[in-house]
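A.B. asks: what's the 3D shape of this:
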Amino acid sequence: MVFVQEHKRARPITENYNLVGIVTVSDVKNLPQGKWQTTPVEQILNRGTLYTVKPGDDLARVMKLIAEHDLNQIPVMNQVKLVGMITRADVINYLHHALCRNGLPYHHTGCDTFL
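C.D. replies: Numbers count the residues shown, from 1 in each chain. Predicted coordinates for the structure are as follows:
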C-alpha cells in the first residue's frame, strides 16, 4: 500500500494538477481488505470541504486550520495547482528545530538529538 511505503496518512488526488479530493488511510481501512485492490479511488475519495493553504501563507494559518478542523495534512495550492502537502508532523518538526536553534536547554526540548 502506498501509504505504508511512503509513511503518509493521506494522498491528494488530482486531475490535470487540479485537486479533486484526498484519500486517507482511514478511507482505505473502512473498506474490507479484500476490496483494496479492486475499488476505484473515486469510490472512497473525500470530496468534502478541503482546507488548503498557499505557498506564501504563514505558519499561524496552517496551525489554525490544523487545530480548528483536526487535520493531519493540508494541501498547498498555487492558485488551482497542487504544489505539495504540509502535515501536522511537518509543523511539529519545524517548531522543535526552531526551539533548538534559539538555544533552549536540551534537557527540556530534546535538542541534543538534533545537534
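
A.B. asks: secondary structure element for Leu50?
C.D. replies: Secondary structure assignment for Leu50, by DSSP states H and E: no helix or strand.

A.B. asks: same question, Leu65
C.D. replies: Taking DSSP H and E as the criterion, Leu65 maps to helix 59-69.

A.B. asks: what pLDDT, on average, does that helix get?
C.D. replies: Per-residue pLDDT over helix 59-69 has a mean of 96.

A.B. asks: swap in stretch 90-102?
C.D. replies: For stretch 90-102, the mean confidence score works out to 85.

A.B. asks: Next up, phi/psi of the spatially most central residue of the chain, please.
C.D. replies: What sits nearest the mean C-alpha location of the chain, by CA atoms, centre = their mean, is Gln73, with 2.3 Å. As for Gln73, its main-chain torsions (degrees, to the nearest 10) stand at phi -160, psi 150.
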